[in-house]
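> My questions are about this predicted structure, shown below with the sequence.
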Amino acid sequence: MTELALRFAAAQTIIRELGAFALGYFNDRDALGITMKGAQDWLTVADGKVEALFRQRIAELFPGDGVMGEEQGGGASDRLWIIDPIDGTANFAHGDRQWCVSIGFLRNGVPELGLIYAPAMDELYLARRGHGATMNGKAMAPADTTAMNRATLEIGWSNRRPLDDYLTLVRAAYGLGANVKRGASGALGIAHVALGRTDGYVEVHINSWDVAAGVVIAAEAGAVINDFFASPDALTEGNPILCAAPGIAADFRALARI
Ligand code: IPD
């Protein structure tokens, strides 16, 4: 097996283990230990425990690889795993099933592997660059939507950027006749465009751990996605993200100016 094939296979086992571990917390609300990192910035005991278990598994299997995670941070490495242990933490803390574990792998800065597992819905999204994308074993493809007035767009929000940046996008999308939603998991938001459940996802600022898996999954499914990691500081500082079904990508990019 090549080093990428080996890592892809191992990561599929690990993400299922992490998902089951996180689901245990989700189903035992007394154990969640909810705290706030800031306004609307949720943290549960599970976030730290899931990331710690991932770091342990990578140290056992691929001791030379780097790990960057939402909870413990990290930095660049030739072989870099990027994990969001629980994406959609606000949903997780509220008992809403729309949350996931998201794992990306970059080799020499190129996103190669993307894995997203939403255990409460038992949905596993997998992609390897050049090898396609699947959800629960079936090939994925974005929707064939071509008109904004038939599109459902997801617009992500966080308080890392001014509220007006978000509201401007929402207003413009409604102005073109689109249906607008917000699911509160950036990773699943991108995966849903790749799967054709929605037609586009945009957020003016998002962190690398939210999108490291999604960029591979979206590209391999045939969706349009911006080159999130193009700027050197995207890894630690984040960037905008825009993902779209091909038929509305030009209009969506013009609307969002991304
Ligand atoms: C957040 C979610 C949310 C997105 C934010 C992220 P978290 O991540 O993905 O949908 O809009 O930008 O920070 O806090 O749930 O891991």
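It's in.

> What's the local residue count around residue 122?
Applying other Cβ atoms under 10 Å, we find 11 residues neighbouring residue 122. C-betas here are computed from N, CA, C, even on glycine.

> ok, residue 197 - contacts?
In this structure, residue 197 makes contact with residue 143, judged by Cβ atoms under 8 Å, 6 or more residues apart in numbering.

> cool, the one 3 residues further on as well?
For residue 200, the contact set (Cβ under 8 Å, 6+ apart) comprises 151, 153, 154, 193, 242, 243, 244, 245, 248, 249, 252.

> Show me what from the protein comes close to the ligand.
Residues of the chain lying close to the ligand (Cβ under 6 Å from any ligand atom) are 70, 84, 87-90, 156-158, 184-186, 203, 206-207, 210.

> does residue 154 have beta-bridge partners, and which?
residue 181, residue 201 (DSSP bridges).

> still on that earlier bit, might you specify the subset of the contacts of residue 200 located within strands?
Among these, the residues falling in strands (DSSP state E) are 153, 154, 242, 243, 244.

> In its sheet, which strands sit next to the helix or strand harbouring residue 105, and in what direction?
Per DSSP states H and E, residue 105 falls inside strand 100-107. Here strand 100-107 is paired, per DSSP bridges, with strand 79-87 (antiparallel), strand 110-118 (antiparallel).

> Can you say which of those is nearest to residue 236?
When these are compared by Cβ to Cβ, strand 79-87 sits nearest residue 236, at 10.8 Å.

> Give me the pLDDT for the residue nearest to the spatial centre of the chain.
Closest to where the C-alpha atoms of the chain average out (Cα atoms, centre = their mean) is residue 187, at 2.0 Å. For residue 187, the pLDDT comes out at 98.

> Reduced to three states, what does it come out as?
Three-state call for residue 187 (DSSP: H, G, I helix; E, B strand; the rest coil): helix.

> quick one on the thing from earlier: type out the ChimeraX command that picks the buried ones from the residues of the chain next to the ligand.
Under the burial definition 16 or more other Cβ atoms under 10 Å, those of these that qualify are selected in ChimeraX by:
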select :70,84,87,88,89,156,157,158,184,185,186,203,206,207,210
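
> Just the residues of the chain next to the ligand: which are in strands?
Using DSSP E, the members of the residues of the chain next to the ligand that fall in strands are 84, 87, 203, 206.

> What sits closest to the third one if chain neighbours are left out?
What it means is residue 203. residue 156 (3.1 Å; Cβ to Cβ, 6 or more residues apart in numbering).

> shouldn't that neighbour be in contact with residue 180?
No. Counting by Cβ atoms under 8 Å, residue 156 does not reach residue 180; the two are 11.3 Å apart.

> any idea how far residue 202 is from residue 129?
Distance of residue 129 to residue 202, given as Cβ to Cβ, to the nearest Å: 23 Å.

> When the two are compared, which one has more neighbours?
Set residue 129 next to residue 202 and count neighbours by other Cβ under 10 Å: residue 202 wins out with 25 against 18.

> looking at it, the more buried one is touching residue 153, isn't it?
Yes. Assessed by Cβ under 8 Å, residue 202 is found in contact with residue 153 at 7.1 Å.

> which residues are common contacts for the two?
Common neighbours of residue 202 and residue 153 (Cβ under 8 Å, 6+ apart) are residue 252.

> who's in contact with the residue lying closest to residue 151 once chain neighbours are set aside?
Closest residue to residue 151 apart from its sequence neighbours, by Cβ to Cβ, 6+ apart: residue 199 at 4.0 Å. Going by Cβ under 8 Å, 6+ apart, residue 199 touches 142, 143, 145, 151, 152, 153, 178, 193, 244, 245, 248, 252.

> Most neighbours among these, which one?
Neighbour tally across these (other Cβ under 10 Å): the maximum, 31 neighbours, falls on residue 193.

> OK, contacts around the residue lying closest to that one once chain neighbours are set aside?
Using Cβ to Cβ, 6+ apart and skipping the chain neighbours, the partner closest in space to residue 193 is residue 243 (4.7 Å). Applying Cβ under 8 Å, 6+ apart to residue 243 gives the contacts 189-190, 193-194, 200-202, 214, 218, 223-226.
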